[in-house]
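Q: would you be able to build a 3D model of this:
(chains A and B)
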Number of protein chains: 2
Amino acid sequence: MAKDKKQKPRRPKAEAPRGFRDSFAAEAAARRSTLSRITEVYHRYGFDPLETSAIEYVESLGKFLPDVDRPMGGVFGFQDDDGQWLALRYDLTAPLARVAAQYRQDLPSPFRRYAVGSVWRNEKPGPGRFREFTQCDADTVGAASVAADAEICAMLADALEAAGIERRDYQVRINNRKVLNGVMETIGVWDPSDPDGDPARVERRMTVLRSVDKLDKFGPEGVRLLLGPGREDESGDFTEGARLSAEQIDLVMGFVEAEREDGAATCARLRELVGASETGAAGVAELEQIAELLDAQGYGSGQAKLDPSVVRGLGYYTGPVYEAELTFEIKDEKGRVRRFGSVAGGGRYDDLVKRFTGQATPATGVSIGVDRLLAALHATGRVNDQAAQGPVVILAMDRDQMAGYQAMCAELRQAGLRAEVFLGGGNMAKQMKYADKRASPVAVIEGDQERADGVVQLKDLILGAKLAQEIESREEWTAQPAQISAPRGDLVSEVRKMLARHS
Amino acid sequence: MAKDKKQKPRRPKAEAPRGFRDSFAAEAAARRSTLSRITEVYHRYGFDPLETSAIEYVESLGKFLPDVDRPMGGVFGFQDDDGQWLALRYDLTAPLARVAAQYRQDLPSPFRRYAVGSVWRNEKPGPGRFREFTQCDADTVGAASVAADAEICAMLADALEAAGIERRDYQVRINNRKVLNGVMETIGVWDPSDPDGDPARVERRMTVLRSVDKLDKFGPEGVRLLLGPGREDESGDFTEGARLSAEQIDLVMGFVEAEREDGAATCARLRELVGASETGAAGVAELEQIAELLDAQGYGSGQAKLDPSVVRGLGYYTGPVYEAELTFEIKDEKGRVRRFGSVAGGGRYDDLVKRFTGQATPATGVSIGVDRLLAALHATGRVNDQAAQGPVVILAMDRDQMAGYQAMCAELRQAGLRAEVFLGGGNMAKQMKYADKRASPVAVIEGDQERADGVVQLKDLILGAKLAQEIESREEWTAQPAQISAPRGDLVSEVRKMLARHS
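A: Just a heads-up that it's a prediction; the model follows:
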């Protein structure tokens, strides 16, 4: 018994759960700074912040994850004490639809909101594939006009540039689900008089959309297989096809490849393809309007253009759809050169609020995948890491003098400088190693002799690191102007001067 | 069958789950701005941001919620596909301990990090009691010196002032668990040679601590009952007491009421009370050191002081504990005047990382309850709501001119002004009502006549609202300088001038 009681409990393993991760100083600071640049643009466009709970009733969320058929598939769900099922949100759109319905009497209309937050997907994790990630959304609820869609496309371009993506490196590509439906109507897999009626037909339509969405991945030949008999990949896995006829496939592919030299020519080609479909014609007219509005706001085709191959995977889009593609090339994990690809997408979803209220409520919005965007900024070397500079470190030369060191530190901080006293244990070498690890720009040293003389030593660690690469012996190194002696009373002004050398 | 298929699915109810809430524009903006002011202070003190996942392995979190004994009690937990139990974090300290253990080879030591994020408690919700809230923490891991504790107390004071709490309205109160343990040793409920040995004794010690922690709530008489036979509240609910003798109770109460005119006098009194306890004496020495360090950094007793009645509910503290109390008075929900109370707390927890590694790792840190702090800022009218000003609204007078209105809007935005075109439906009255709801400072009007004349009308809505309170007739109102006509080419400069009237 006594032995049992003394037995140590098994130690928990120190690790984040599978598919989750931690972000440290530079990465977390870059994310923060990027989010604040994006939301500053959203704010300037008249969008207000909205923060909703991470947890929603499962039935509020609905089943709008792509490629998921199981109930609760793809979400982290759990039952509340009162028996109701809760889940972590998998995007920021479903909570917005809930809020727009819940507070519809009180909100301004249109309701423009932006939101930043984590979303969770209960999926199989893989390399670069995480189960928690950050989205940064902006949506307009209550505006039926495609002016709202055009505005969001313009804002997306501005937001990407604010985040540090250069104009030549991205394109906002715009399409319209109504045009897609028009084509679907023409080939007989969609009936505008009963759009949601026959589940088998709805499913077939989604299969067609998903096939078209794979154009970037599998090329036109792959899409043809997916639209027809199905496609076997390299590993032998077979994906069931939409079983369209050769004629139907030609029509769909004609649509996917309808892009012409400018928006007007593309629209003319689309108008041919949708034929007699009223829905299709309405979609083309909307695209024309969007192109005109973007033009009036000064967004050239380099920034935003019509592209009939854009689909977006989600089932709930009802009109314009758009995505931001980064056009520069990177090497993928297998060393193949490819375009960086999509970092943001969105579209019009006029029926999501209706799920709650029964009344159609127009809505459109965009979601930026912030982690993908940060990866892109890293890839192009344009990540903002100013916030990553370390603090001035005051060395703890003499443990009895902590009060004096802290007083120096307080002076620096009150002057707005980032500073700290070394609070760990260890000799000077260890403390300098710490300063190095923290990317500290300046070390402050006050030993007995300095205190007696009323001075402090200031080491310029940035210059020191540069010099150290060139100079062999420590004697030479300490003789360099990378270290100066300054009167104790001039601490703040001398540290400022040293920092200014490198700004 | 056909009827079945046509049956509409039941509509989900549009509501946040019980105990969760939504924050709209002004509130969300105030939270954001307050967090950024606090983290700016943390950053200046040399702390780096760390972002961890919201989900942890249950065994990583441990059972450190106050007043919870059930396994999984108090947390939202769920099982992963591989059978492991996951849970949403209930604070930001447990994930930090996991990170400090997981990355201990690579992190600088000391490791100073700050974190901002939601935490979740699966508790019974009530008025003002939510199941998701925001914490804003800063911790130093790897510094054994109480200089680290003193620094965090100083930083807490600076952070509160940066957030908008005036110096006269708060106090950082500091105590030390070692002193408490010394008293516990003196009365025989704690044995320093076997501190965690006997579960019954550990439990009794926690009961004593929890009783002392209720001083603010129940007063000295209530605490005496809790230390002794137990206490019955107004509703008849009985709380079991610690069953100390009258003599033991006198000793504990003597300790709780040991505060004297200054830190030195308080320490002298504490030294008497801990008697022969070495742990107690060590605790008093630490308090003396903290007082000296804060003094050297210029923090007067108005900002930070020793207060032996501070306990903090959590079981894992091992040394200094501290909390920030807001001292101004408010009326509670029952109309009674009381002090606002605690908005932040923390302390030293040298054993949390050891759970993972087996090696003692000193650590100390503070958590600010951001929602409590925002409530305090509201109560004192000092919430920062600059970010809540609405956009300039360009009225959509003529639907065919949307491109022109959007072009105006783009000009304003490019000049850095917050602006939007009204994108909803409705006549001018409805659009003006929208502008009002958005707290818009200026409305821009361009109808046919204005377009023909090459001008725009600008309405100063802030001035207009003021004038409207004083003037009866609409004729007079429109004659006021709250509305001006300006050349279309001067749009940006004239809007700027109008905005400058109120800044």
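Q: and the gap between the residue sitting nearest the centre point of chain A and chain B?
A: Central residue of chain A (C-alpha atoms, centre = their mean): A:Val370, 1.4 Å from the mean position. Here A:Val370 is placed at a distance of 12 Å from chain B (C-beta to the nearest C-beta, to the nearest Å). From N, CA and C alone the C-beta is placed, and that goes for glycine too.
Q: need the contact list for that residue.
A: A:31, A:34-35, A:38, A:116, A:133-136 (C-beta atoms under 8 Å, 6 or more residues apart in numbering or on different chains).
Q: strands - which of the residues you listed land there?
A: Among those, the ones falling in strands (DSSP state E) are A:116, A:133-136.
Q: which two in those are spaced the farthest apart?
A: The distance between the two most remote of the ones in strands among the contacts of A:Val370 (C-beta to C-beta) is 11.9 Å, for A:Val116 and A:Phe133.
Q: more neighbours: these two, which one.
A: A count of neighbours by other C-beta atoms under 10 Å in any protein chain shown puts A:Val116 above the other of A:Val116 and A:Phe133, at 22 against 15.
Q: ok, now which ones touch that one?
A: Contacts of A:Val116 (C-beta under 8 Å, 6+ apart): A:35, A:39, A:49, A:134-137, A:370.
Q: what does the pLDDT read for it?
A: On pLDDT, A:Val116 comes in at 97.
Q: who is it paired with across the strands?
A: Beta-bridge partners for A:Val116, by DSSP bridges, are A:Cys136.
Q: on that earlier part again, of the contacts of A:Val116, which is the nearest to chain B?
A: A:Pro49 (3.9 Å; C-beta to the nearest C-beta).
Q: which residue packs closest to the closest one, ignoring adjacent ones?
A: Nearest non-adjacent residue to A:Pro49, counting by C-beta to C-beta, 6 or more residues apart in numbering or on different chains: B:Ala28, 3.9 Å away.
Q: the one you found - that's part of a helix, no?
A: Yes - using DSSP: H, G, I helix; E, B strand; the rest coil, the assignment for B:Ala28 is a helix.
Q: got a list of what it touches?
A: Counting by C-beta under 8 Å, 6+ apart, B:Ala28 touches A:48-51.
Q: hmm, try it at 10 Å
A: A:48-52, A:113-116, B:22, B:387-388 (C-beta atoms under 10 Å, 6 or more residues apart in numbering or on different chains).
Q: out of the contacts of A:Val370, which are buried?
A: The neighbour count (16 or more other C-beta atoms under 10 Å in any protein chain shown) marks A:31, A:34-35, A:38, A:116, A:134-136 as buried among the contacts of A:Val370.
Q: now do the buried residues in the strand or helix carrying A:Thr279.
A: A:Thr279 belongs to helix A:278-296 when assigned by DSSP states H and E. For helix A:278-296, burial by neighbour count (16+ other C-beta under 10 Å) applies to A:279-296.
Q: of those residues, which are in range of chain B?
A: A:289, A:292-296 (C-beta under 10 Å from any C-beta of the partner chain).
Q: if we can go back for a sec, redo the buried ones among the contacts of A:Val370 as TSV? Include distance to A:Glu203.
A: Formatted as TSV, these follow (distance: C-beta to C-beta, whole Å):
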residue	distance to A:Glu203
A:Arg31	38
A:Thr34	38
A:Leu35	37
A:Ile38	36
A:Val116	34
A:Thr134	32
A:Gln135	27
A:Cys136	32
